[in-house]
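J.: Show me the folded form of this:
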Amino acid sequence: MAETTTKRKAKRAGAVAPKKGGSGEELAIRQRSDARVERRYEPKPSAASNVKALALWAGAVISGAGFYGQFLRAEDKGPHALAGYLLAGGVALATGAILFGGRAARPIRVGDAGLAVEKDGGEIERLGWNEVTAVHLTADMLTFQGSGTSIGISRPELRDAAARALAEARARIAARLEGLDTAGLEGPADDSAGDPLALDPPQVAGLHCKASGKLISFEKDARLCGYCGEVYHKDGVPPRCATCDAKLRA
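T.: The predicted structure is shown next:
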């Protein structure tokens, strides 16, 4: 427990300054209105994405040449003998790149609100630190799993985001990383990477206190764990967070 507590107290870029309890131990309790930040990471091209882009380009060029030879060639010459093969081959190459080349990575956000992935239409899907139930790591992907939500971070295309997410997870939800082989991601997160963004206050009205189950009818009655973001009613804050064990009361 001593090792876990020490990890939980690791400093995080942009985190709200901790409050002190009577014993000098940091208190993680926060008001809803306290400032929160996150960092936004754009994916970088990887070898796989470069191959896909090259295949799409080649398919477009080849099919374009086939289309010209089949339909646009001078009438007195007629369609080229290879035009049909070029057209079919180019379309097949482009289609294969789209179907089997994998989806491009999407921008990832990491910070006080947990993890988020930007989707089409400006939608942002979020997973709070308190909602993470498991963390999985492969050679290509770091995945945070919750109940009904999973956010994967491509290591080749979002290396800085993966390093930041792992560092934040160590500080906030260390218990979820037990038994995880993090070889290759042990280095410190680059504080200069990613774009810092201010977060709006969380919407907490209508939620229930994690400790007492009491309904939070007014947002001013909410209190948050500064590490994992768990929500409590001001009258039901426990001594330690029920999710990450951070100290909440002196």
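J.: Could you name whichever residue is most remote from the centre of this structure?
T.: No residue in the chain sits farther from the centre than Asp76, which is 59.0 Å out by C-alpha atoms, centre = their mean.
J.: Quick check: His136 touching Ile153?
T.: No - counting by C-beta atoms under 8 Å, His136 sits too far from Ile153 to count as a contact (10.9 Å). Any C-beta I mention is one placed from the backbone N, CA and C, and that applies to glycine too.
J.: if you count what's nearby, which of the two comes out ahead?
T.: Per other C-beta atoms under 10 Å, whichever of His136 and Ile153 has more neighbours is Ile153, with 28 against 12.
J.: can you give me the strands for this protein?
T.: In the chain, the segments counted as strands under DSSP state E are 19-20, 26-27, 29-31, 37-41, 108-111, 114-118, 124-127, 132-137, 141-146, 150-154, 195-198, 222-225, 231-233.
J.: Worst mean pLDDT among those strands?
T.: Of all those, the minimum mean pLDDT falls on strand 19-20 (a mean of 45).
J.: picking that back up, can you check which residues contact both of His136 and Ile153?
T.: With contacts taken as C-beta atoms under 8 Å, 6 or more residues apart in numbering, His136 and Ile153 have 142-143 as neighbours in common.
J.: Show me the chain divided up by domain.
T.: Domain segmentation of the chain under automatic domain parsing yields 2-43+105-198, 47-100.
J.: how far does the longest one sit from the chain's center?
T.: I take that to be domain 2-43+105-198. 8 Å (C-alpha atoms, centre = their mean, to the nearest Å).
J.: Reformat the strands of the chain as CSV; add distance to Ala60.
T.: As requested, these are arranged in CSV below (distance: least, C-beta to C-beta, whole Å):
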stretch, distance to Ala60
strand 19-20, 59
strand 26-27, 57
strand 29-31, 52
strand 37-41, 30
strand 108-111, 30
strand 114-118, 27
strand 124-127, 32
strand 132-137, 37
strand 141-146, 29
strand 150-154, 25
strand 195-198, 33
strand 222-225, 51
strand 231-233, 51
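J.: Pick the most buried one from those.
T.: Each of the strands of the chain was scored by mean neighbour count; the highest is strand 108-111, a mean of 26, by mean count of other C-beta atoms under 10 Å.
J.: for that one, packing partners?
T.: Contacts defined by 3 or more C-beta pairs under 8 Å, 6 or more residues apart in numbering; DSSP states H and E place strand 108-111 against strand 37-41, strand 114-118, helix 159-172.
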